[in-house]
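1. Just need the structure, nothing else, for what follows:
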Amino acid sequence: MKQTPIWLFDLDNTLHRADCGIFQLINQKMTEYLAEHLNLSMSAASDLREHYWHQYGATLAGLEKHHQHIDIMDFLHQSHPENEVKAALVAEIGLPQHLAQLDGTKVIFSNGPSFYAQTILAELSITHYFDKVFGCDDFGLLYKPAMQAYQTVLTQLAVLPEQCIMVDDSAANLRPAKDLGITTVWFGQTAHNLPFVDFVAKDMADLVRLWHFIDDNDLSQ
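-> Coordinates of the predicted model:
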């Protein structure tokens with residue numbers, strides 16, 4: 001790749017370690033919201049949340065389909081409380097320094113709501129590294145791996161798939177990206193080679209090393 005890329009960065013478990021507490025917090029808040037607004041016990045609300053997540057890939061999708069009276073944006077705000085998110089935040093090691101070493105335009109492409117992504121970036125003091133932030137509310141409350149989400153992001157950025165490198169901790173989210181012609185990087189300690197994964201990066205330092213390799217070699221052939 002001899003041109004500077006458009007980096008499409010996932011957020012949770014990519015730029016910060018959501019499994020260290022934020023995911024647990026969000027799940028708890030979602031369960032509390034379902035219990036209150038659907039008149040369920042906490043146990044029943046937890047079961048419903050997990051059911052929707054497994055069936056549709058996101059709790060909000062189940063709410064949209066089966067509970068149209070629910071205000072989805074209110075649900076998202078209540079389940080992503082700013083102060084508690086900040087308190088639970090654990091960044092990837094050396095994040096600002098590593099981002100500074102990645103040439104090109106950087107964009108957040110997250111399944112979380114955009115206000116949540118902005119909170120994370122601000123708290124980590126890395127907002128200035130990113131030219132654009134896309135959350136699920138920016139593409140019609142869709143979410144990866146829905147193909148329309150990727151197409152919407154590409155259209156809004158006015159770029160070709162071949163110009164982009166997508167970094168995500170979810171292999172399932174990389175398959176549509178690869179189908180579109182985006183270079184894919186599976187991020188995380190458990191990542192490994194798959195047919196639709198172009199590269200593997202175990203951590204941010206590994207991603208920087210990978211970028212130097214890509215930048216030094218013409219991989220478009």
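
2. List the contacts of Tyr129.
-> Contact partners of Tyr129, counting by CB atoms under 8 Å, 6 or more residues apart in numbering, are Pro96, Leu99, Ala100, Lys106. (Glycine included, C-beta is placed from N, CA and C.)

3. do that again at 7 Å, thanks
-> For Tyr129, the contacting residues are Leu99, Lys106, by CB atoms under 7 Å, 6 or more residues apart in numbering.

4. what's the answer for the one 10 residues further on, then?
-> Phe139 sits next to Gln148, Ala149, Thr152, Val153 when contact means CB under 7 Å, 6+ apart.

5. do you know how far it is from Glu84?
-> According to CB to CB, to the nearest Å, Phe139 and Glu84 sit 26 Å apart.

6. Could you list which of the contacts of Phe139 belong to helices?
-> Mapping the contacts of Phe139 onto helices (DSSP state H) picks out Gln148, Ala149, Thr152, Val153.

7. chain center to stretch 137-149, what's the gap?
-> Offset of stretch 137-149 from its chain centre (CA atoms, centre = their mean, to the nearest Å): 11 Å.

8. Can you mark which positions in that stretch are buried?
-> Residues Asp137, Asp138, Phe139, Leu141, Leu142, Tyr143, Lys144, Pro145, Ala146, Ala149 are the ones in stretch 137-149 that count as buried (16 or more other CB atoms under 10 Å).

9. which stretches of this structure have low pLDDT?
-> Scanning the chain for pLDDT under 70 picks out the ranges 1-2, 218-221.

10. domain assignment for it?
-> With domains defined by automatic domain parsing, the chain comprises 6-17+91-216, 20-86.

11. What values do phi and psi take at Asp12?
-> Main-chain dihedrals, Asp12, degrees, to the nearest 10: phi -70, psi 130.

12. Skip the chain neighbours and tell me the closest residue to it.
-> Distances taken as CB to CB, 6 or more residues apart in numbering place Ala18 nearest to Asp12, at 3.8 Å, with adjacent residues excluded.

13. Quick one: the helices in the protein, in order.
-> Using DSSP H, helices in the chain cover 22-37, 42-56, 59-66, 72-79, 82-88, 95-100, 114-123, 147-157, 171-180, 204-216.

14. TSV for those, including distance to Lys132?
-> Shown next, in TSV, are those (distance: least, CB to CB, whole Å):
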stretch	distance to Lys132
helix 22-37	22
helix 42-56	27
helix 59-66	22
helix 72-79	19
helix 82-88	21
helix 95-100	15
helix 114-123	10
helix 147-157	7
helix 171-180	17
helix 204-216	19
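
15. Which of those helices sits closest to Ile165?
-> With distances scored as CB to CB, the stretch of the helices of the chain nearest to Ile165 is helix 204-216 (7.7 Å).

16. Show me what that closest one is packed against.
-> For helix 204-216, the elements it packs on are helix 95-100, strand 183-187, strand 199-201, judged by 3 or more CB pairs under 7 Å, 6 or more residues apart in numbering; DSSP states H and E.

17. Can you mark which positions in that helix are buried?
-> Neighbour counts over helix 204-216 (16+ other CB under 10 Å) mark Met204, Asp206, Leu207, Val208, Leu210, Trp211, Ile214, Asp215 as buried.

18. need the contact list for the residue lying closest to the third one once chain neighbours are set aside.
-> The spatially closest residue to Leu207, leaving aside those adjacent along the chain, is Ala201, at 4.0 Å (CB to CB, 6+ apart). Residues near Ala201 by CB under 7 Å, 6+ apart: Val185, Phe187, Leu207, Leu210.

19. No further queries at this time; thank you.
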